[in-house]
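*Asks:* Need a 3D model of the sequence below.
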Amino acid sequence: MAVDSPLVIPLTQTAIVQDENGAPKLDQKAAVPRLEPGTVLVKTTAVALNPADYKMGAAFPTPGAVVGMDYAGVVVAVHPETVTSLGVGEAVCGMVHGSNPTSPDDGAFAEYIRVRPEMALRVPQGGEGRVHLPMEQAATLGVGLMTNIMALWDSSGLSLLANPKEPAAKPLPVLVYGGSTATGTLATQLLRLSGLRPVTTCSPRNFDLVRTRGAMEALDYVNPTVVDDVRAFAGGKLKHVLDCIGDSSSAALCYATIGRTGGHYVTLEQVSDELLKSRLAVRAKVALGYELFGRKVALPGVYGCPAQPEKSALAARYLPILQDLLDRGALRTHPTQLVGGELSDVLEGLKLLKSGSVSGQKLVVVL
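*Replies:* Residues are numbered from 1 along each chain as shown. Below is the predicted model of the structure:
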């Protein structure tokens, strides 16, 4: 492995991989991913857990694939044919495509991960009055930010014109269903920073959380009047909805809030085609953060995609905007819950996440 690195990189490592049935397991002799032109090697210092980390293997088993998407770490090697301003020793965070059948060694739950530097964000390190972002908080950002780029600004998503660099002249309402999720709290902040009017739904115990993240209204998602309340907030003209839950009940409620002339509905999970076709004036999209890598994803249905270089161009446009927000301390991370200090603790964390008992927090393992 020809690399620019002061360290001796091992050939094997500890990682969480899929077993023969797609379930996560500990592998203490997994291969360290080989650097390729256009990549750097990152030593992970913290990883965060997402529902996709256990859902992908269960639905689409890829035995041996490294699991995990959210990471923070330090660059330890740069391939000599990689053009990047990142250097060895720099702290970075972001998303990699774990459980990836096209590139099985791409996952985050490992001691070393291969990263495309243009898809990474620098972690603000503080000093001289500058912002300091702890690595365990930085690890929560990747999936949420990449998903929001696809959801908010892709032409197939909400297709919003406003962004934090170019705020809206007219503050349109946007519903964030599941506003207390990790993606939801980031979406709410990005919408507010873009000059828009986010209204969120969540449990009352998380009202304070979503309000501190910029929600102009927080509504109880099980309240019988919630649809009418959203309509009233939007003056009956809601056109943009982000569904961070993505089940049949959330989708039905979201569709009911959209105004008579239709609009855009983005979900993070596949929902019933029958429902999606119930209103032809509503354009629906499943937003997948890994589309921004621009590469083919060999998964069935809506979870797969062909190579799309234009998605990488979208990331290149918005990641610098997000980097600026982080550098200025203008973007707050989701509350975290630490679940251990070893990669093996990821397995217990995934069980806890799958139980449905986690609310308003993102599970993190600091290594």
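
*Asks:* For the stretch 251-367 of the chain, which residues score under the pLDDT cut-off?
*Replies:* For the stretch 251-367 of the chain, applying pLDDT under 70 flags no range at all.

*Asks:* Quick check: mean pLDDT of stretch 222-238?
*Replies:* If you average the pLDDT over stretch 222-238, you get 97.

*Asks:* in that stretch, what's buried?
*Replies:* The neighbour-count check on stretch 222-238 (16 or more other Cβ atoms under 10 Å) flags 226, 227, 229, 230, 231, 233, 234, 238 as buried. (C-beta placed from N, C-alpha, C; glycine too.)

*Asks:* which residues are in contact with that stretch?
*Replies:* With contact meaning Cβ atoms under 8 Å, 6 or more residues apart in numbering, stretch 222-238 is reached by 173-175, 197, 199, 201, 216-217, 219-220, 253, 256-261, 263.

*Asks:* in a helix, that's where residue 189 is, yeah?
*Replies:* Yes: under DSSP: H, G, I helix; E, B strand; the rest coil, residue 189 falls within a helix.

*Asks:* Next, the contact list for it, please.
*Replies:* Applying Cβ under 8 Å, 6+ apart, the residues near residue 189 are 213, 214, 331, 332.

*Asks:* Could you pull up the contacting residues of the residue nearest to residue 16 when sequence neighbours are not counted?
*Replies:* Nearest residue to residue 16, sequence neighbours excluded (Cβ to Cβ, 6 or more residues apart in numbering): residue 109, at 3.7 Å. Shown in contact with residue 109 (Cβ under 8 Å, 6+ apart): 15, 16, 24, 47, 53, 66, 67, 68, 98, 343, 346.

*Asks:* can you give me phi and psi for residue 109?
*Replies:* Main-chain dihedrals, residue 109, degrees, to the nearest 10: phi -80, psi 70.

*Asks:* The helix or strand hosting residue 317 packs against which elements?
*Replies:* Using DSSP states H and E, residue 317 maps to helix 309-327. Using 3 or more Cβ pairs under 8 Å, 6 or more residues apart in numbering; DSSP states H and E, the elements in contact with helix 309-327 are strand 120-122, strand 130-132, helix 142-148.

*Asks:* Provide the contact partners of the very next helix or strand once past the second one at residue level.
*Replies:* Counting by DSSP H and E, the next helix or strand C-terminal to strand 130-132 is helix 135-138. Residues lying outside helix 135-138 but in contact with it, judged by Cβ under 8 Å, 6+ apart, are 45-46, 72-73, 91, 93, 121, 123, 333, 336, 338, 364, 366.

*Asks:* and with 10 Å instead?
*Replies:* Contact partners of helix 135-138, identified using Cβ atoms under 10 Å, 6 or more residues apart in numbering, comprise 44-48, 70-74, 91-94, 121-125, 326, 332-336, 338, 362, 364-367.

*Asks:* among the residues you listed, which are in strands?
*Replies:* Counting by DSSP state E, the contacts of helix 135-138 place 44-48, 70-74, 91-94, 121-122, 125, 336, 338, 362, 364-366 in strands.

*Asks:* Pull out the buried residues from those residues.
*Replies:* Among those, those classed as buried by 16+ other Cβ under 10 Å are 44-48, 70-74, 91-94, 121-122, 336, 362, 364-366.

*Asks:* give the contact list for the residue nearest the centre of the chain.
*Replies:* Computing the C-alpha centroid of the chain and ranking residues by Cα atoms, centre = their mean puts residue 143 first, at 1.8 Å. Neighbouring residues of residue 143 by Cβ under 10 Å, 6+ apart: 48-53, 68-71, 94-96, 98, 108, 182-183, 186, 268, 289-290, 362.

*Asks:* And those, which of them are buried?
*Replies:* Buried, going by 16+ other Cβ under 10 Å: 48-53, 68-71, 94-96, 98, 108, 182-183, 186, 268, 289-290, 362, out of those.

*Asks:* Can you spell out the domain ranges of the chain, please?
*Replies:* Domain assignment for the chain by automatic domain parsing gives 12-141+333-366, 145-290.

*Asks:* Same list (these) but as TSV, adding distance to residue 305.
*Replies:* Shown next, in TSV, are the domains of the chain (distance: least, Cβ to Cβ, whole Å):
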stretch	distance to residue 305
domain 12-141+333-366	10
domain 145-290	7
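
*Asks:* looking at those, which is closest to residue 300?
*Replies:* The minimum distance between residue 300 and the domains of the chain falls on domain 12-141+333-366, with 7.1 Å, by Cβ to Cβ.

*Asks:* tell me which of the contacts of residue 189 is nearest to residue 282?
*Replies:* Using Cβ to Cβ, these come closest to residue 282 at residue 214, 25.2 Å.

*Asks:* a strand runs through the closest one, doesn't it?
*Replies:* No: Residue 214 sits outside any strand when classified using three-state DSSP, being coil.

*Asks:* ok, and the closest non-adjacent residue to it?
*Replies:* The shortest distance from residue 214 to any non-neighbouring residue, by Cβ to Cβ, 6+ apart, is to residue 192 (3.3 Å).

*Asks:* May I have the phi/psi pair for the one you found?
*Replies:* phi -60, psi -40.

*Asks:* OK, contacts around it?
*Replies:* Residue 192 neighbours (Cβ under 10 Å, 6+ apart): 164, 167, 171, 174, 198, 213, 214, 215, 216.

*Asks:* Please look at the fifth one and residue 186 and confirm they touch.
*Replies:* No: using Cβ atoms under 10 Å, residue 198 is not in contact with residue 186, being 11.2 Å away.

*Asks:* No further queries at this time; thank you.
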